[in-house]
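> Next input, structure requested:
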Amino acid sequence: MPLAVLPLLALTACGGPSGGDDGDGRAAKCEKSEGKVRLSFWSWVPGIEKAVDEWNRQNPRIQVKVKSTPAGNAGTYQNMANALKAGNAPDLGQMEYDSLANFRLKDGLRDISRCPGVKAAEAEFVDWTWSQVTFGADGEDGVWALPQDTGPMGLFYRKDLFKKYDIPVPETWAQYYEAAKKLKKAGPGSYITHFSQTDPNWLTGLMWQNGSQMFRRQGDKWKVSVDSPGNRKVTDYWQKMIDEKLVATDLQGFSPALYKAWNDGEVATWVGAAWGYSTIRDNAKKTAGKWAVAPMPQWSKGEQKAGNWGGSTTAVLAGSKHPYEASQFAWWLNTDPEALAILNREGGLYPAAKKGLELPALQKPVDFYGDQKIFGTFARASRNVDTDWTWGPTMTDTYRSMGDGIADALGGKGTLGGALKQTNRKTVESLRNQSLEVAK
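Residues are numbered from 1 along each chain as shown. Next up is the predicted model:
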């Protein structure tokens, strides 16, 4: 089943296809450029420059210069949008699956389906990821990026603290709530986890696990269901945790304050994605050997459902005069075994390429996690992610509204349920402002 087939028939009517020839017929046809080519690439993957260095060593004709940027919603997407307007965007950019449709809608991407080898590359990737980078029925509306990684979710937990306070590893969300209460009572000043206002896509991953949806296609219309009963079940649960002060509400994701809390044992778990293993490893070094990974807690005992948080692509941006060379680099970066090994080792990426799942590193015990084979847990989670999921075409606006609502809830000025209601309303407004039809 496709994860996010977005038939953007309505979008083409209001914008025309991205990646016109810009007066360069060779680029429009995706033909090889003459002479030496220099490509610019924006990415926030730690250590990705080592993979780029390897490409540059092997490909003296096509040299890539990578710029390290903040995570997408932390500034890179806005900077990309500004650069596209100014006509000085990079040739390539890292872009999460949930943001592709937004940039496609704004004519910010090149269709690379005509580039040699691109369509054949479909066989290289985990099936559902290809539907993330192609729009229209069976990808008839082009290929807009190449998959890079995925984010099946699990539970990172401090096994030493759980043992110290005699807390069983929770298998259900009800047990997770009880673990939070027991931890707070046994270790004053400790929290089961943190709730960040700057990671609305994390909350989306939790709702994804529950089988809920945020968007559906109904013919040429969009059905918005951010504020659904299933999603309310998730936010009501976490609102209770917030109200009872069982989670830290003053720690932002990927911040020095959070890393200190991990190192000091003040935050005992993180419901995170596979790529998060390196985030803890690299930023909570004092806790080596004290963490373990378990499946996400379930809403019903015995289930094995998982959410997905993040996952990225490598996209060729509109305006690039070298789409052939850019697509060749993107294909190599996300399928070459050596490149995949570098991205996993340095950046913690869980590859979307099929051959990447066979990397030796993903089969071995991980020292930092007490020699646990943690990627076996994430591999099982990946198989249990609901593939019937659709992203909306204005996710940047959706996440902005959700983030604002979360901030109000964490500041005592609202609730997470109110954040869903606000996000639902503003998402509908955003779609209509883009001349997209909304189903009632």
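
> From now on I want contacts and neighbour counts done on CA atoms only, so please keep to that.
Will do.

> got the contact list for the longest helix anywhere in the chain?
As assigned by DSSP state H, the longest helix anywhere in the chain is helix 416-433. Contact with helix 416-433 is made by 224-227, 232, 235-236, 238-239, 393-394, 397-398, 401-402, 404-406, 409, 437-438, as judged by CA atoms under 8 Å, 6 or more residues apart in numbering.

> Narrow those residues to those that are buried.
224-227, 232, 235, 238-239, 393-394, 397-398, 401-402, 404-406, 409, 437-438 (16 or more other CA atoms under 10 Å).

> Which of those residues fall within helices?
Mapping the buried ones among the contacts of helix 416-433 onto helices (DSSP H) picks out 232, 235, 238-239, 397-398, 401-402, 404-406, 409.

> Which of those sits closest to A292?
The closest of those to A292 turns out to be W238 (CA to CA; 22.9 Å).

> Next, find the distance separating the nearest residue to the closest one once chain neighbours are set aside from T396.
Counting by CA to CA, 6 or more residues apart in numbering, L416 is the residue found nearest to W238 once chain neighbours are left out, at 7.9 Å. Distance of L416 to T396, given as CA to CA, to the nearest Å: 19 Å.

> And S225, by the same measure?
16 Å.

> Tell me which stretches of the stretch 51-200 of the chain form strands.
62-68, 92-96, 146-147, 149-150, 153-158 (DSSP state E, counting those that start in this stretch).

> Can you report how many residues neighbour W309?
23 (other CA atoms under 10 Å).

> if you skip the residues just before and after it, what's nearest to G356?
Nearest residue to G356, sequence neighbours excluded (CA to CA, 6+ apart): L340, at 6.1 Å.

> burial count for the nearest residue to K286 once chain neighbours are set aside?
In space, and not counting its chain neighbours, K286 is closest to N263: 5.9 Å by CA to CA, 6+ apart. Neighbours of N263 under the rule other CA under 10 Å: 18.

> try K85
The burial count for K85: 11, using other CA under 10 Å.

> now G72
As a burial measure, G72 scores 20 neighbours (other CA under 10 Å).

> Number the chain from 21, please
Yes, from this point I'll number from 21; that puts the last item at G92.

> May I have the residues that are in contact with it?
64, 115-116.

> which of those residues tops the neighbour count?
M115 (28 neighbours).

> separation between that residue and W62?
In terms of CA to CA, M115 sits 9 Å off from W62.

> do D127 as well
Applying CA to CA, the value for D127 to W62 is 18 Å.

> Please apply the same query to K126.
For K126, the distance to W62 - CA to CA - is 19 Å.

> where does the residue nearest to W258 land on pLDDT?
With respect to pLDDT, L436 scores 98.

> Repeat that for C34.
32.

> Next, the buried residues of stretch 256-275.
Using 16+ other CA under 10 Å as the test for burial, stretch 256-275 gives 258-259, 261-262, 266-269, 271-273.

> Just the ones in helices from those residues, please.
Per DSSP H, those map to helices at 258-259, 261-262.

> for the residues you listed, which one is nearest C50?
Of all those, W258 has the smallest distance to C50: 48.7 Å, by CA to CA.

> Excluding chain neighbours, what is closest to Q83?
Leaving aside its chain neighbours, Q83 sits nearest to R58 (4.9 Å; criterion: CA to CA, 6+ apart).

> Any idea which residue is closest to the centre of the chain?
Closest residue to the average C-alpha location of the chain: G330 at 1.2 Å, with CA atoms, centre = their mean.

> so who does the spatially closest residue to that residue that is not a sequence neighbour touch?
Using CA to CA, 6+ apart and skipping the chain neighbours, the partner closest in space to G330 is G171 (5.2 Å). The contact partners of G171, taken as CA under 8 Å, 6+ apart, are 293-295, 328-331, 370, 402.

> 6 Å instead, please
With contacts defined as CA atoms under 6 Å, 6 or more residues apart in numbering, G171 is in contact with 293-294, 328-331.

> Regarding V291, which helix or strand does it belong to?
Here V291, judged by DSSP states H and E, is contained in strand 289-293.

> just the helices in the stretch 21-170 of the chain please.
When assigned using DSSP state H, counting those that start in this stretch, the helices of the stretch 21-170 of the chain occupy the ranges 29-35, 45-48, 68-78, 96-106, 117-125, 147-153.

> Sorry, slip of the keys, the one I care about is the stretch 221-370 of the chain.
Counting by DSSP H, counting those that start in this stretch, the stretch 221-370 of the chain has helices at residues 249-263, 276-284, 296-303, 343-355, 357-367.

> From S340, how far off is R134?
For R134, the distance to S340 - CA to CA - is 15 Å.

> So between the two, which is more surrounded?
Between R134 and S340, counted using other CA under 10 Å, the more crowded position is S340 (24 against 16).

> So that one sits against L112, correct?
No. Using CA atoms under 6 Å, S340 makes no contact with L112, being 8.0 Å away.

> overlap in contacts of the two?
Overlap of the contact sets of S340 and L112 (by CA under 6 Å, 6+ apart) is empty.

> Before we move on, what's the pLDDT of the closest residue to V244 other than its chain neighbours?
Excluding its sequence neighbours, the residue lying closest to V244 (CA to CA, 6+ apart) is F235, at 4.8 Å. What the model reports for F235 is a pLDDT of 94.

> Give the burial count for F235, as a bare number.
Neighbour count for F235, taken as other CA under 10 Å: 16.

> need the contact list for it.
By CA under 6 Å, 6+ apart, the neighbours of F235 are 243-245, 410, 412.

> One more pass at 10 Å, please.
For F235, the contact set (CA atoms under 10 Å, 6 or more residues apart in numbering) comprises 242-246, 409-413.

> Equivalent analysis for L379, please.
Taking CA under 10 Å, 6+ apart, one finds 357-358, 360-361, 364, 371 in contact with L379.

> quick revisit: determine which member of L436 and T416 has the greater number of neighbouring residues.
L436 (24 against 21).

> still on that earlier bit, identify the contacts common to M115 and W62.
Residues touching both M115 and W62 (CA under 10 Å, 6+ apart): 96, 334.

> Select only the buried ones of the contacts of L379 in PyMOL?
A single PyMOL command is used to select the members of the contacts of L379 judged buried by 16+ other CA under 10 Å:
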select buried, resi 357+358+360+361+364+371
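
> Run through this structure and note the low-pLDDT ranges.
For the chain, applying pLDDT under 70 flags the ranges 21-47, 156-160.

> returning to that earlier point: my read is that the residue nearest to G376 contacts A71, right?
Yes. Assessed by CA atoms under 10 Å, L360 is found in contact with A71 at 8.4 Å.

> got any residues that touch both of the two?
Taking CA under 10 Å, 6+ apart as the criterion, L360 and A71 both touch 352-353, 366.

> Buried residues in stretch 439-459, which are they?
For stretch 439-459, by 16+ other CA under 10 Å, it's 439-448, 450-451, 456-458.
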